[in-house]
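Undergrad: output the structure for:
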Amino acid sequence: IRPDSLENVHFNGKLNTEDFDLARLTDLGDMAGKLSMNAQVEGTSYQGGSLSARMDGHISKVEFNNYEYQHINFQGDLSNRKFDGSFSVRDPNLQMEFFGKFDINDTLPVFDFTANVDRARLFPLHLATTDPTYTLSCYLRANFIGSDINEFDGEINLVNSLFQKQGKQIQIYNFNLYAQHRPDSNSMILRSDLVDAEIYGQYEFEDIGKATGRLLAHHLPAFRDIIKKNPDTEDESFNNFRYEFHLKNTYPITDFFYPEIEFARDSKIYGNYNPDIYEFNLEGDLPSFQYGNNKWDDLEISLITNDSTAHFLTTCGSLVSGSVINMENIRLYWNVESDSLNYSLLWKNKDQEDISMGDISGFASFMYRPSYRIPRIDIDFNPGKIFIRDTIWDLDQSGITVDTSSVEFHKLQVRHNTQSLAINGTLS
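TA: Residues are numbered from 1 along each chain as shown. Take a look at the predicted model:
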């Protein structure tokens, strides 16, 4: 150790620690634990408190996220919260190499590195909690600035990524995420084997839930307590963007993470989002979509909202739900405005030997009650017809009232000639 005339301290030597408590040195809290390492260090501690050093060493163990990592070799230049160098990990549950630099001194951190993860067993590392066989391998190249997804400006490339768990795996050969963050407009573009996506405009993703709640409360103020938004508040949203998703082949993703969901190849979802003017437009073109035992074919979706109304229209070639429901040529429409909803449902099956069709429409209203979290719902049915197995059933004018603790039926009745099924009364 050698001080100079400027009160800087120059040092050169070995640094050894045994079970050093990292939590006392960092702001990681319980995430960080004990550190044991040996290193050759050469550098300078400056009068103002900054530090620069060259380090070359070995970490025999370090505790992080309640896991003890072992056998880490590192070398590089360390300057305050900046690192430029490399390290390798030869832990029983993590084998990887890192080359590059990161600088988290400024408001916008800078990252420029390559990471080759040969194998990561995520369950022992406490990065996955459900499947002990969950493993990951990938080659990652990153060059970006930003502390979160909203400020992300740069590019991330994943090559030959492999996710594995018991009986399943995903192989992604190329994944490229590119973004530009500018004061007036942003863009984010994803290109991969399985999904392409584009977002253009102003976005702040953590604000979307709050902004969407305000949009819903605007059209359905009776539900303000459930969605925890006052429809009269004018919180500014930082979102005004258009989006497009091309689901080229998402089966490997959904089968691995959400096996109850399946999108057909070449499904498309697109639209724009601007909650400050209550605008949320969504268009969907899905050759098929399956959720559990329910499957929709030739599904088209259109949602359009503005300051006064919200319109929803979906058409579907067929809907099969287990062995109970088999409907074709479906058209469902509803329109929402100030706690009221008009709806209509039409379908007509093609089988001429076993005709099935229907025409149901009506009106629903929602009543806000300050003493209750859930509003009262009144559903009215217009006279309609349901054709099942060559038999026409007439639906009479009727209604249902759903309250906090009861459901009241108002002359709900279907009729065929002298046969009828009627419900009238209160269920509580």
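
Undergrad: and the residue most central in space within the chain, its phi and psi?
TA: Of all residues in the chain, the one closest to the mean position by C-alpha atoms, centre = their mean is Phe205, 9.9 Å from it. Main-chain dihedrals, Phe205, degrees, to the nearest 10: phi -60, psi -30.

Undergrad: hmm, it is touching Ala179, no?
TA: No - applying C-beta atoms under 8 Å, one finds Phe205 not in contact with Ala179, separated by 12.0 Å. (Each C-beta comes from the backbone N, C-alpha and C, glycine too.)

Undergrad: hang on, the earlier thing: the residue nearest to the centre of the chain: what's it in contact with?
TA: Taking C-beta atoms under 8 Å, 6 or more residues apart in numbering as the criterion, Phe205 is in contact with 149-150.

Undergrad: try 10 Å
TA: 148-150, 188, 199, 238-239 (C-beta atoms under 10 Å, 6 or more residues apart in numbering).

Undergrad: for Glu300, same thing?
TA: 283-286, 313-317 are the contacts of Glu300 under C-beta under 10 Å, 6+ apart.

Undergrad: partner strands of the helix or strand harbouring it, with direction?
TA: Assessed by DSSP states H and E, Glu300 sits inside strand 294-305. Next to strand 294-305 in the sheet, as set by DSSP bridges, lie strand 279-291 (antiparallel), strand 310-321 (antiparallel).

Undergrad: which helix or which strand is home to Asn335?
TA: Using DSSP H and E, the element containing Asn335 is strand 325-336.

Undergrad: what lines up beside that strand in the sheet?
TA: For strand 325-336, pairing defined by DSSP bridges yields strand 310-321 (antiparallel), strand 340-348 (antiparallel).

Undergrad: send me it as CSV with only the CA atoms.
TA: This file holds the C-alpha atoms of strand 325-336, laid out as CSV (Å, rounded to 0.1, in the frame of the first residue of the first chain):
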residue,chain,number,x,y,z
ILE,A,325,-71.1,-28.1,-27.3
ASN,A,326,-70.7,-28.2,-31.0
MET,A,327,-71.6,-24.8,-32.7
GLU,A,328,-70.7,-23.5,-36.1
ASN,A,329,-70.9,-20.2,-37.9
ILE,A,330,-70.9,-18.2,-34.7
ARG,A,331,-71.3,-14.4,-34.4
LEU,A,332,-71.1,-12.8,-31.0
TYR,A,333,-71.4,-9.0,-30.6
TRP,A,334,-71.7,-6.7,-27.7
ASN,A,335,-71.6,-3.0,-27.2
VAL,A,336,-70.9,-1.3,-23.8
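
Undergrad: and that strand, average pLDDT?
TA: For strand 325-336, the mean per-residue pLDDT is 92.

Undergrad: now do the buried residues in that strand.
TA: 327-328, 330, 332-334, 336 (16 or more other C-beta atoms under 10 Å).

Undergrad: so where's the stretch 101-250 of the chain uncertain?
TA: 228-236 (pLDDT under 70).

Undergrad: and the helices in it?
TA: In the stretch 101-250 of the chain, the segments counted as helices under DSSP state H, counting those that start in this stretch are 208-219, 224-227.

Undergrad: could I get the ones you listed as JSON lines with mean neighbour count and distance to Ser60?
TA: Converted to JSON lines, those look like this (neighbours: other C-beta atoms under 10 Å; distance: least, C-beta to C-beta, whole Å):
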{"stretch": "helix 208-219", "mean neighbour count": "19", "distance to Ser60": "44"}
{"stretch": "helix 224-227", "mean neighbour count": "17", "distance to Ser60": "52"}
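
Undergrad: could you check how far Met357 is from Asn281?
TA: The gap separating Met357 from Asn281 is 31 Å, by C-beta to C-beta, to the nearest Å.

Undergrad: repeat for Asp91
TA: 49 Å.

Undergrad: between the two, who's got more neighbours?
TA: Ranked by neighbour count (other C-beta atoms under 10 Å), Asp91 and Asn281 place Asp91 first, with 20 against 17.

Undergrad: got the angle between the strand holding Asn335 and helix 208-219?
TA: 80 degrees (axes from the mean of the first three to the mean of the last three C-alpha atoms, to 10 degrees).

Undergrad: and strand 325-336, how far from the chain's centre?
TA: 27 Å (C-alpha atoms, centre = their mean, to the nearest Å).

Undergrad: what does stretch 131-148 give?
TA: Worked out by C-alpha atoms, centre = their mean, stretch 131-148 lies 17 Å from the chain centre.

Undergrad: where along the stretch 1-150 of the chain do the strands fall?
TA: 2-3, 9-21, 32-45, 51-64, 67-79, 82-91, 94-103, 110-121, 135-145 (DSSP state E, counting those that start in this stretch).

Undergrad: check which helices and strands the fourth one sits against.
TA: Contact here means 3 or more C-beta pairs under 10 Å, 6 or more residues apart in numbering; DSSP states H and E; on that basis strand 51-64 packs against strand 9-21, strand 32-45, strand 67-79, strand 82-91.
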